[in-house]
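> Got a predicted structure here, sequence first:
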Amino acid sequence: MPPARDVMAHRGDDDEVCPVCKSSRYLNPDMRFLINPECYHKMCESCVDRIFSSGPANCPVAGCHKTLRKNRFRKQTFEDINVEREVDIRRRVMQVLNRREEEFDSKRAYDDFLEQREEIIANLVHGTDVAKTESDLQRYASENMRSIRANQALEAQEASSFREQQTQEQELARLRREAARQEYENERKELLAGREDVLSRLAAGRPGDAAAIAREGQKVLLKKSSARRSEEDRIRQKQAALRNSDARKGQGPLTTADRADDSGASSLIKGLKKIKTPEPEKPYDPFDGLVPNQRDYYTLRDHYPNSYLDPIRQDTRMQAGGYDLQEYYSRTLMEAFAGLGCFLDEEVSKRDITNTSNVSRPVATEGAALAAVSSAGAPEGSS
């Protein structure tokens, strides 16, 4: 046998041999092989228990110095170890770069993001700029932790909704099959009962009544079948209405407040929509910006000489009710200077501009209508 064919013939046997203890599946059919995502070296389960039960240890394969832990070992899913490694890398990258299409400004920006993600996966799979790619990925994960968790929660919610929808569809299919079987049984029983009824009536009747009895039995069967079909249509319409209501309930908004990042944008991904942070609610102001003690155009004094107010100042009867001249001074001066902050010329000009823009089109339309009416009502030949 040529050497190449010999290698191809014994390749499966070499894959089923533990590189640590050299045990073969040929001698031990119950042997289980495990791999670790750190280095993807395959070894038997007994070697894993013997080497890594006491704690983390270096990989026993010659030339590999990576530290492995027992809880990371798992059974190999794919036959090709390179496919296994690529699937793990792709899963890890997509858990971090899990942006959604609605987060981008355009479809082109989302396509660029998908291409960039595939390029990162290819770099990690083929070992191109691994250190820089890993550092960029870790920096992005630390800067956008909130959006990553929010998108992961949305994906979990969508997966749960999809599973619930599949369960409902399977249950509806089962109910439809059960209803079809029950319908077939009921129709068969009714047909047999109708035939027995016709036969019994024929046996008890006269020979000339055979045709009339057959026609009457056929009418009864048709009436029952039409009633059954109408009832089935009503049930189908009810089920369709229930499905539509469930679909409307399941189409609720999947928005999350945690999607907004503290950084506002990412240096790794371009084309993301700018998230507008709502302004914080201002504290309640009962005076709507008016400061009671603020005076822009006057200064309030403690005393103003007045022949009418001076006697009140010494009148105990007026002071006993809580009357205060300072409040009178303040209110009077505020009313006197209240109009100094209003500029009528500017307000009138703005009002005229607004009224002109709003009324110009209706006025022109009305003038055109009047001109048309006047020209139509004028006699021919008049200028």
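Nice, thanks for sending it over. Since this is a predicted model, take the numbers as computed values, not measurements.
> How many residues are close by residue 122?
13 (other C-beta atoms under 10 Å). Just so you know, the C-beta spots here come from the backbone N, C-alpha and C atoms, and that holds for glycine as well.
> and it, that one's in a strand?
No. Using DSSP: H, G, I helix; E, B strand; the rest coil, the secondary structure at residue 122 is helix, not a strand.
> Which helix runs longest in this structure?
helix 145-204 (DSSP state H).
> helices and strands around that one, which ones?
Other helices and strands packing on helix 145-204, by 3 or more C-beta pairs under 8 Å, 6 or more residues apart in numbering; DSSP states H and E, are helix 81-96, helix 210-250.
> By mean pLDDT, show me the worst of those helices.
Confidence, taken as mean pLDDT, is least for helix 210-250 of the helices and strands packed on helix 145-204 (a mean of 68).
> ok, then the element right after that one?
Remark: after helix 210-250, the chain's next helix or strand is helix 310-313, criterion DSSP states H and E.
> Quick one: residues in contact with that next one.
With C-beta atoms under 8 Å, 6 or more residues apart in numbering as the contact definition, helix 310-313 has outside contacts at 318, 323, 325.
> pull the CA atoms of that helix into PDB?
The C-alpha trace of helix 310-313 is given here as PDB (Å, rounded to 0.1, in the frame of the first residue of the first chain):
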ATOM      1  CA  ASP A 310     -48.100 108.900  58.300                       C
ATOM      2  CA  PRO A 311     -51.100 108.800  60.600                       C
ATOM      3  CA  ILE A 312     -51.600 105.100  59.900                       C
ATOM      4  CA  ARG A 313     -48.100 104.300  61.000                       C
END
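> average pLDDT for the helix or strand following that helix?
The helix or strand immediately downstream of helix 310-313 is helix 316-320, counting by DSSP H and E. In this model, helix 316-320 has a mean pLDDT of 76.
> Repeat that for stretch 165-172.
89.
> again with stretch 124-144
Rounded mean pLDDT across stretch 124-144 is 90.
> Enumerate the positions of that stretch that are buried.
Buried residues in stretch 124-144, counting neighbours by 16 or more other C-beta atoms under 10 Å, are found at 124, 133, 137, 140, 143-144.
> how distant is the longest helix of the chain from the center of its chain?
Centroid separation for helix 145-204 versus its chain: 30 Å, with C-alpha atoms, centre = their mean, to the nearest Å.
> quick check: angle from that helix to helix 81-96?
If you take axes from the mean of the first three to the mean of the last three C-alpha atoms, to 10 degrees, helix 145-204 sits at 100 degrees to helix 81-96.
> quick one: the closest residue to residue 94 other than its chain neighbours from residue 273, how far?
Leaving aside its chain neighbours, residue 94 sits nearest to residue 117 (7.2 Å; criterion: C-beta to C-beta, 6 or more residues apart in numbering). Remark: distance between residue 117 and residue 273 (C-beta to C-beta, to the nearest Å) = 18 Å.
> again, but for residue 95
22 Å.
> ok, now residue 325?
Residue 325 is 62 Å from residue 273, by C-beta to C-beta.
> buried set for stretch 24-35?
In stretch 24-35, counting by 16+ other C-beta under 10 Å, buried: 25, 31, 33-35.
> Next: stretch 39-58.
Neighbour counts over stretch 39-58 (16+ other C-beta under 10 Å) mark 39, 41-44, 47-48, 51-52 as buried.
> Quick one: mean pLDDT over it.
On average, stretch 39-58 scores 89.
> Only alpha carbons, please: show it as PDB.
Output in PDB follows, covering the C-alpha atoms of stretch 39-58 (Å, rounded to 0.1, in the frame of the first residue of the first chain):
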ATOM      1  CA  CYS A  39      -5.800  25.200  23.300                       C
ATOM      2  CA  TYR A  40      -8.200  22.700  21.800                       C
ATOM      3  CA  HIS A  41      -6.000  19.700  22.600                       C
ATOM      4  CA  LYS A  42      -8.000  16.500  22.900                       C
ATOM      5  CA  MET A  43      -7.400  14.100  25.800                       C
ATOM      6  CA  CYS A  44      -9.300  11.300  27.500                       C
ATOM      7  CA  GLU A  45     -11.600  11.900  30.500                       C
ATOM      8  CA  SER A  46      -9.400   9.900  32.900                       C
ATOM      9  CA  CYS A  47      -6.400  12.000  32.100                       C
ATOM     10  CA  VAL A  48      -8.400  15.200  32.700                       C
ATOM     11  CA  ASP A  49      -9.600  13.900  36.100                       C
ATOM     12  CA  ARG A  50      -6.000  12.800  37.100                       C
ATOM     13  CA  ILE A  51      -4.200  16.000  36.100                       C
ATOM     14  CA  PHE A  52      -6.700  18.800  36.700                       C
ATOM     15  CA  SER A  53      -8.700  17.600  39.700                       C
ATOM     16  CA  SER A  54      -6.400  19.300  42.200                       C
ATOM     17  CA  GLY A  55      -6.500  22.700  40.400                       C
ATOM     18  CA  PRO A  56      -5.300  24.500  37.300                       C
ATOM     19  CA  ALA A  57      -2.300  23.000  35.600                       C
ATOM     20  CA  ASN A  58      -0.400  23.300  32.400                       C
END
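> Residue 103 contacts residue 272, doesn't it?
Yes. The pair residue 103 and residue 272 qualifies as a contact (C-beta atoms under 8 Å) at a distance of 5.8 Å.
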